[in-house]
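Undergrad: Just need the structure, nothing else, for what follows:
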Amino acid sequence: MMRLLFCLFADSIGLLPDHLFRRMIEADKGKPNNFARKLRQLFAAMSTEGSTFGMHDIHWFNGGLFMTANSFASRSRTGEATGKNQRLARVVRLCRSLRSLPSD
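TA: Numbers count the residues shown, from 1 in each chain. Predicted coordinates for the structure are as follows:
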């Protein structure tokens, strides 16, 4: 959750290029597995100096927040979404609701 909140902050103040995080949310509405895959890739890029995410150069965010690559979208052997997917879907809904808040 802290990583997601930081990404919202970083997106808002321009630490992530071209509102990348907001665009990820928009692109993957209703597709939590796609969003989770992209989050893992973005978090990996944010934890490594000199990384890219797609065509964007990504700043290295030191401090340990992005050091480990926790999986957001785990699946059981039968392919059913676990509680992590449900939590991710709630976070995506929260991110969407934050878009409606006035910005500076």
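Undergrad: And the strands in the protein?
TA: For the chain, applying DSSP state E gives strands covering 51-53, 56-58.
Undergrad: any chance of the ones you listed in CSV, plus mean neighbour count and distance to L5?
TA: For glycine as for every other residue, the C-beta is placed from the backbone atoms N, C-alpha and C. Conversion of the strands of the chain to CSV gives the following (neighbours: other Cβ atoms under 10 Å; distance: least, Cβ to Cβ, whole Å):
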stretch, mean neighbour count, distance to L5
strand 51-53, 15, 19
strand 56-58, 15, 18
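Undergrad: Any chance of the ones you listed in TSV with mean pLDDT and distance to H19 as columns?
TA: Written out in TSV, the entries for these read as follows (pLDDT from 0 to 100; distance: least, Cβ to Cβ, whole Å):
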stretch	mean pLDDT	distance to H19
strand 51-53	92	13
strand 56-58	93	11
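Undergrad: just so I know, which of those strands lies nearest S12?
TA: For the strands of the chain, proximity to S12 was assessed by Cβ to Cβ; strand 56-58 is nearest, at 16.1 Å.
Undergrad: low pLDDT regions in this structure?
TA: Low-confidence segments of the chain, defined by pLDDT under 70: 67-104.
Undergrad: can you give me the helices in it?
TA: With DSSP state H as the criterion, the chain has helices at 2-13, 20-27, 32-46, 83-99.
Undergrad: quick one, the second one and helix 32-46 angle?
TA: Using axes from the mean of the first three to the mean of the last three Cα atoms, to 10 degrees, the inter-axis angle of helix 20-27 relative to helix 32-46 is 170 degrees.
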